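Chemist: Got a sequence here, can you build the structure:
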Amino acid sequence: MKDKEKDLKDNNETTEISREMAENEKKLDKEEELKRLRFRKKLIRRIAIIFIIALLLLTFFSNTIMNYSLPEISTVTVSRGSVSEKVRCQGTVEVSKDIDVTVSGERVVKEVLVEDGDEVKEGDVIMTFDASANDAIAEAERDLETLEVDYEKTKLDRNTDESESSKTLTDAQKNLSKAQAELEKAKSNESAKAAAVAEQESAQAAYDAKKVEVEGLQTQVDSYTNMEGYSGDVDVDALVNQLATAKEELLTLENTLNAKKDAVTSYEGVKSVADAQADVDEKTEALATAQDNYNKDKVKESRTAQSNALTDQQTEKKIEAQRKKVEKLKAADDTKEVKATGTGIISGITAKPGDKVNSESALASIQLADSGYEMTCSIDKKDAMKLKVGNEAKPENVWEDDVTGVVRSIKADTSDPNQKSIVKFNVKGSVQAGQTLQLAVGDKAGKYDTVVPNNAIKEDSNGKFVYVVNVKATPLGNRYIVEKVKVDVVASDVNSAAIQGEVSEYANIVTNSSKPLDNGQQVRLSEK
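Modeler: Take a look at the predicted model:
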């Protein structure tokens, strides 16, 4: 028995040990499997990281290579600014030797009044021309007439217009006066009606009393009349007469009563005092409202009058300036004749009667007795077309206030007659021969919302345009795309131009490019 128990115990222990060994083997296999899985995950993670890094590197280098192949551009931001339409001319001051005799437009020579070698004084007539219209004077006179007519119409419109509030106030005052009159009439009618009612009541009482009297007399007469052969003390005849008199009096009282009733009835339908008073109250409130609106409009009219006064001052100044312009043009009118602009000797007459002449050629020269200074420069023909002989010029590179210039002649530049013109100025003031002088002719600079440098404006067969830079965001950064936008140049000077078109303020505009550009092309910004 003991041996069996011992064998059983040994078998159990052996089984337990076997089980423990099996569990240990399973644990070792699971740990080995976990180690293999961890290794695989690390390997896959490393491969993925390496792939992503390689992809990023390839993308970066491909973008970098592509970027370096893109046109490199320089840009400027569209901004508000000033652009001067002045025509500028730079040259060297020289001692003046002669004055060219020119005209401001095309003319037909009628008569030449001088010959070479003749001495003339400033203001002498040198040539006359066939009658022709001076378009500049005609246009200036039309503009003056338009300004004057418009000004008079404006003043007439102001004087004839009556404000709506003024009409409303006048109507409200009339309505209140009418309502007050109606109230007084209602009060008078009410008093008269009360008196008529009292008179009616009095007439009614008199009529009723007389009627009772007549009925009593009638009863007596009837009773005595029904008694045959009555021979009493009562005088029946006298009683009958009394009845007849009473009846006549009753009829008179009845007529009076009816008249009083008609008088009372005549007041029916007449406006009551209460209604008339309510109407007065309503009209009084309406008048107060109208008066308030009228006062407000008066304040507005006062402000409008002040504004109109300022506008009138500006208009009158424009009219006066236009009137002076007409006078100046008439004084300088050379459509009928040309006069000497200085004292000296005539030379180099190039025109004869019947010739057609224009501003491009000098008709003659005047060798000045007292030489001054002159300056000659070459400018674009399109700029020269903006000038006329006699235009005043201001210096832009000297400080002396007394320096002035006047356009003396405009001629074609023989070196490039289709594109260039030679402009000669008479110069006065504190200058010296050999001094470089820049003169400007024209108006003051104007202010514009979209101003760009001149080199930003391109031109092709379809007209002028600019390249606008648009930014497109991508996961790899911003891309820059150029858009071709058609524009019109409204003003320009030597540096800048004011443009109109679908270009917004603060847009970036291309000024320079390393390669020719196309609409929608991707570019890269200059790093300079």
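Chemist: Tell me the strands beside the one helix or strand Val406 maps to, with direction?
Modeler: Secondary structure assigned from DSSP states H and E places Val406 in strand 404-412. When pairing is defined by DSSP bridges, strand 404-412 lines up against strand 392-395 (antiparallel), strand 420-428 (antiparallel).
Chemist: Let me know which of those is tucked in deepest.
Modeler: Highest mean neighbour count of these: strand 420-428, a mean of 21 (counted as mean count of other CB atoms under 10 Å). Bear in mind the C-beta positions are built from the backbone N, C-alpha and C, glycine included.
Chemist: who touches that strand?
Modeler: The contact list for strand 420-428 (CB atoms under 8 Å, 6 or more residues apart in numbering) reads 89, 91, 93, 96, 99-100, 360, 372-381, 383-384, 387, 393, 402-413, 437, 439.
Chemist: Just the buried subset of those, written out for ChimeraX, thanks.
Modeler: Typed into ChimeraX, the line below selects the buried ones among the contacts of strand 420-428, using 16 or more other CB atoms under 10 Å:
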select :89,91,93,96,99,100,360,373,374,375,376,377,378,379,381,383,384,387,393,403,404,405,406,407,408,409,410,411,412,413,437,439
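Chemist: coming back round to it: can you list the residues that contact the strand holding Val406?
Modeler: 99-100, 102, 341, 359-362, 374-375, 381, 384, 387-395, 420-429, 437, 439, 441.
Chemist: mind running it again at 6 Å?
Modeler: 100, 102, 359-360, 362, 384, 387, 389, 391-393, 421-429, 439 (CB atoms under 6 Å, 6 or more residues apart in numbering).
Chemist: quick check: mean pLDDT across it?
Modeler: For strand 404-412, the mean per-residue pLDDT is 87.
Chemist: quick one: Gln112 from Ala351, how far?
Modeler: Heads up, residue 112 is Val, not Gln. Val112 sits 7 Å away from Ala351, going by CB to CB, to the nearest Å.
Chemist: out of these two, which sits in the more crowded spot?
Modeler: Ala351 (22 against 17; other CB atoms under 10 Å).
Chemist: Next, give phi and psi for that one.
Modeler: Dihedral angles of Ala351 (phi, psi; degrees, to the nearest 10) stand at phi -120, psi 150.
Chemist: ranges for the strands of the stretch 351-500 of the chain?
Modeler: 356-357, 364-368, 373-380, 392-395, 404-412, 420-428, 436-441, 446-453, 458-460, 463-474, 477-492, 496-501 (DSSP state E, counting those that start in this stretch).
Chemist: quick one: the second one to strand 420-428, angle?
Modeler: Comparing the axes of strand 364-368 and strand 420-428 via axes from the mean of the first three to the mean of the last three CA atoms, to 10 degrees yields an angle of 30 degrees.
Chemist: Pull out the buried positions in strand 364-368.
Modeler: Ala364, Ser365, Ile366, Gln367, Leu368.
Chemist: List of residues touching that strand?
Modeler: In contact with strand 364-368 (CB under 6 Å, 6+ apart) are residues Asp98, Ile99, Asp100, Val101, Ala340, Gly342, Gly344, Ile345, Ile346, Ser347, Gly348, Ile349.
Chemist: got the contact list for the second one?
Modeler: By CB under 6 Å, 6+ apart, the contact set of Ile99 is Thr341, Gly342, Ile366.
Chemist: State the mean pLDDT of the helix or strand harbouring it.
Modeler: In the assignment (DSSP H and E), Ile99 maps to strand 98-101. What strand 98-101 shows for mean pLDDT is 78.
Chemist: Likewise for stretch 318-330?
Modeler: Rounded mean pLDDT across stretch 318-330 is 84.
Chemist: what's the offset of that stretch from the middle of its chain?
Modeler: 28 Å (CA atoms, centre = their mean, to the nearest Å).
Chemist: Restrict it to CA atoms and write it as PDB.
Modeler: C-alpha atoms of stretch 318-330 as PDB (Å, rounded to 0.1, in the frame of the first residue of the first chain):
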ATOM      1  CA  LYS A 318     -13.100 129.000 -63.800                       C
ATOM      2  CA  ILE A 319     -15.100 131.500 -66.000                       C
ATOM      3  CA  GLU A 320     -12.500 134.200 -65.300                       C
ATOM      4  CA  ALA A 321      -9.600 131.900 -66.100                       C
ATOM      5  CA  GLN A 322     -11.300 130.800 -69.300                       C
ATOM      6  CA  ARG A 323     -12.000 134.400 -70.200                       C
ATOM      7  CA  LYS A 324      -8.300 135.200 -69.700                       C
ATOM      8  CA  LYS A 325      -7.400 132.100 -71.800                       C
ATOM      9  CA  VAL A 326      -9.500 133.400 -74.700                       C
ATOM     10  CA  GLU A 327      -8.000 136.800 -74.400                       C
ATOM     11  CA  LYS A 328      -4.500 135.300 -74.300                       C
ATOM     12  CA  LEU A 329      -5.200 133.200 -77.400                       C
ATOM     13  CA  LYS A 330      -6.600 136.100 -79.200                       C
END
